[in-house]
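[1] everything below, folded, please.
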Amino acid sequence: VLEVCLFFFFQAEDGIRDFCLSRGLGDVYKRQTQSTWGLSKVFKNVSRASAFRQSVKRFGNLRRIVNDVLYRDDKNDSDYITATYDPRLPLANFSAAIRENGEPKFELTTLKNGVRVLSRTPAFPSHVDLGILLDLGTRDETHETSGALLSIKNTQFKTVLNTNETINYGMVQMAGGDLEMNYDQENTFWRSYCLSHDVVDIFRMMADCAIEPRSVVAANVAMVKNKHTIHLDESLHTGEEFNDTIFRTAYGLRGLGMPLKGLHHNVGNLNAYTLQRFQLENINPSRIIVCGAGVEHHGEFVALVESKLGSIPSVEGTQVRTREKTEYLGGETRNLTEANDISIALTFESVPWTNPNMAAFNVLNTIIGSCSSFSTGGPGKGMHARATKRFLNAHHFVESASGINFHFSDSGLFGLQVNGVSTYAGQLTDLLVRELRALAEPIPEEEVRRAKNILKSNIFQALERQGDVLEEGVKNLKTFGSLDGIGNYARIVDAVTGDQINSIVRDILRSKPTLIVQGGDVGRVPSLDKIHNQLQ
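    Sure thing, here's the model as predicted:
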């Protein structure tokens with residue numbers, strides 16, 4: 001008889017063998033070794049009576065062990081009494097932990113190397129939210145490094161100095177928390193949450209993932225994942241490619257015009273050397289803000305951050321890449337496809353975050369709203385918005401309509417977008433022009449008041465969670481240099497008037513527009529010069 005035994009061996013992706021962890025997170029960053037001599041010295045001083053008490057404590061629950069073997073319940077056991085206790089009655093000898101309500105407050109400290117540490121006290125006992133904000137976005141990428149942030153996101157767990165991807169992912173799962181990286185044109189934000197006793201491990205792991213230069217293995221994996229990410233985005237028709245076209249036409253293929261997921265021909269060229277150079281040139285202590293919400297003691301949190309990031313040297317001069325000033329160009333782009341529908345976007349340069357008219361543009365965007373043929377709207381969702389009443393409900397060839405509103409540190413974009421049947425491309429363009437001109441005319445006070453109420457409601461709803469308040473706070477600190485604006489959103493919105501809205505619309509209509517046309521029958525859309533003349 002011939003017996004064949006097959007053995008299968010599996011290896012972690014990073015090539016590092018896993019090891020057994022002592023508890024949920026294994027105290028990965030806090031392990032300390034003790035010598036045999038030290039242990040023997042400790043046990044030498046233990047008396048016989050103390051050793052007996054320890055033995056009784058360890059093996060005195062023999063009745064529980066026997067009951068477990070016999071599958072019987074020990075009704076005198078404290079766990080059994082608690083589990084079967086009448087929930088309508090208070091537990092005996094139980095006292096609730098009572099804490100007075102307090103208003104959460106922010107505290108800020110700057111380390112010697114320039115890293116800023118922001119913490120927020122808890123409103124009530126809960127988990128701890130952690131974040132690392134990097135003053136880094138796709139506008140900092142070049143033609144050579146385009147797609148670098150996508151590569152870092154696709155390998156967000158891959159580290160090699162202290163742990164590896166398997167351990168990092170296991171730590172997050174065992175902690176019951178989460179870790180994610182999000183980025184846009186100007187910011188990269190790492191966020192995580194966990195229970196308070198896991199903060200040390202989770203924060204140090206998150207700091208490694210955010211700042212550690214990517215290895216050769218990580219870069220090679222990222223090049224493969226980047227292509228799949230782009231292919232998936234194209235298959236799902238998320239609309240991100242259309243937005244990239246808007247920014248590329250408005251600002252050129254640089255700065256704010258760089259695509260969010262990188263240039264398609266370059267994402268496969270981002271080797272380890274290119275990624276590491278991108279990180280070293282753009283990540284500087286002065287561009288790092290560490291934040292935490294649900295933190296009881298600000299000083300302890302600062303000490304934790306300093307122990308991990310305090311040794312990063314502050315680099316200045318030619319070794320640090322400076323952000324180029326944005327230059328709005330405008331123009332038009334037409335992409336002909338075989339689709340039966342057509343998408344038209346008409347945008348203008350607006351204002352940056354710090355401009356006094358920023359709130360007016362957000363109220364104006366709420367007046368326009370958004371709608372599609374798959375959603376009829378509802379309370380607070382724009383059922384009275386102009387996109388619904390003047391676009392979708394008034395014209396059968398309109399499939400969707402929405403406002404376009406973006407703000408950045410030194411520029412902004414505002415406009416309208418409409419999607420409909422391609423054979424009605426001319427009518428769709430006339431509709432865009434007519435509604436833009438209508439916004440420069442007096443707006444009923446009821447419509448302005450409704451838009452401001454909806455905008456305030458959306459703001460308050462977006463800031464209900466502790467983690468969202470933390471992210472808003474740290475981005476306010478980066479953009480405005482203070483945290484004063486968070487509690488004043490309602491006052492800022494209420495100060496907007498209809499005359500102010502009319503004024504900003506008239507100003508942008510006199511500027512050079514950006515026209516994007518994509519779909520079938522793009523030739524039916526008039527030229528940009530003709531549209532610009534109609535807007536005057």
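
[2] please count neighbours and contacts with C-alpha atoms only from this point.
    Will do.

[3] the helix or strand where residue 533 lies - contacts with which helices or strands?
    According to DSSP states H and E, residue 533 maps onto helix 528-535. With contacts defined as 3 or more C-alpha pairs under 8 Å, 6 or more residues apart in numbering; DSSP states H and E, helix 528-535 has these neighbours: helix 425-439.

[4] can you show me the CA trace of the helix it packs on as PDB?
    Coordinates of each C-alpha in helix 425-439 appear next as PDB, following Å, rounded to 0.1, in the frame of the first residue of the first chain:
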ATOM      1  CA  ALA A 425     -27.900  68.900 -26.200                       C
ATOM      2  CA  GLY A 426     -28.700  72.400 -27.500                       C
ATOM      3  CA  GLN A 427     -31.800  72.700 -25.200                       C
ATOM      4  CA  LEU A 428     -29.700  71.500 -22.200                       C
ATOM      5  CA  THR A 429     -27.200  74.200 -22.800                       C
ATOM      6  CA  ASP A 430     -29.800  76.900 -23.100                       C
ATOM      7  CA  LEU A 431     -31.300  75.600 -19.900                       C
ATOM      8  CA  LEU A 432     -27.900  76.000 -18.100                       C
ATOM      9  CA  VAL A 433     -27.400  79.500 -19.400                       C
ATOM     10  CA  ARG A 434     -31.000  80.600 -18.500                       C
ATOM     11  CA  GLU A 435     -30.700  79.300 -14.900                       C
ATOM     12  CA  LEU A 436     -27.300  80.800 -14.300                       C
ATOM     13  CA  ARG A 437     -28.600  84.200 -15.400                       C
ATOM     14  CA  ALA A 438     -31.700  83.700 -13.200                       C
ATOM     15  CA  LEU A 439     -29.400  83.400 -10.200                       C
END
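
[5] could I get the full set of helices for the stretch 201-350 of the chain?
    Across the stretch 201-350 of the chain, reading from the start of the chain, the helices by DSSP state H, counting those that start in this stretch fall at 216-236, 240-251, 272-282, 298-309.

[6] so which of the ones you listed is nearest residue 425?
    Smallest distance to residue 425 across the helices of the stretch 201-350 of the chain (C-alpha to C-alpha): 17.2 Å, for helix 240-251.

[7] could you say which helix or strand holds the residue most central in space within the chain?
    Within the chain, one residue has its C-alpha closest to the average C-alpha position: by C-alpha atoms, centre = their mean, that is residue 182, at 3.8 Å. Per DSSP H and E, residue 182 falls inside strand 178-183.

[8] just to revisit the earlier point, return the most buried member of the helices of the stretch 201-350 of the chain.
    The highest mean neighbour count among the helices of the stretch 201-350 of the chain belongs to helix 240-251 (a mean of 20), with neighbours defined as mean count of other C-alpha atoms under 10 Å.

[9] what's the angle from it to helix 216-236?
    Our comparison of helix 240-251 with helix 216-236, counting by axes from the mean of the first three to the mean of the last three C-alpha atoms, to 10 degrees, yields an angle of 100 degrees.

[10] average model confidence for helix 240-251?
    The pLDDT scores in helix 240-251 average 95.

[11] helices and strands around it, which ones?
    For helix 240-251, the packing partners by 3+ C-alpha pairs under 8 Å, 6+ apart come out as strand 331-336, strand 514-519.

[12] which positions within the first one qualify as buried?
    Of the residues in strand 331-336, 331-333 count as buried by neighbour count, 16 or more other C-alpha atoms under 10 Å.

[13] tell me how far the nearest residue to residue 274 once chain neighbours are set aside lies from residue 275.
    Ranked by C-alpha to C-alpha, 6 or more residues apart in numbering and with sequence neighbours excluded, the top spatial neighbour of residue 274 is residue 145, at 6.7 Å. From residue 145 over to residue 275 the distance is 7 Å, taken as C-alpha to C-alpha, to the nearest Å.

[14] swap in residue 359?
    Taking C-alpha to C-alpha as the criterion, residue 359 is separated from residue 275 by 37 Å.

[15] just to revisit the earlier point, which residues does the nearest residue to the residue nearest to the centre of the chain once chain neighbours are set aside contact?
    Of all residues beyond its chain neighbours, the one nearest residue 182 is residue 189 (5.4 Å), with distances taken as C-alpha to C-alpha, 6+ apart. Taking C-alpha atoms under 8 Å, 6 or more residues apart in numbering as the definition of contact, the neighbours of residue 189 are 131-134, 181-183.

[16] part of a helix, is residue 189?
    No. Secondary structure assignment (DSSP: H, G, I helix; E, B strand; the rest coil) places residue 189 in strand, not in a helix.

[17] where does the stretch 1-150 of the chain dip in pLDDT?
    Residues of the stretch 1-150 of the chain that meet the criterion pLDDT under 70 lie in 1-65, 67-71, 97.
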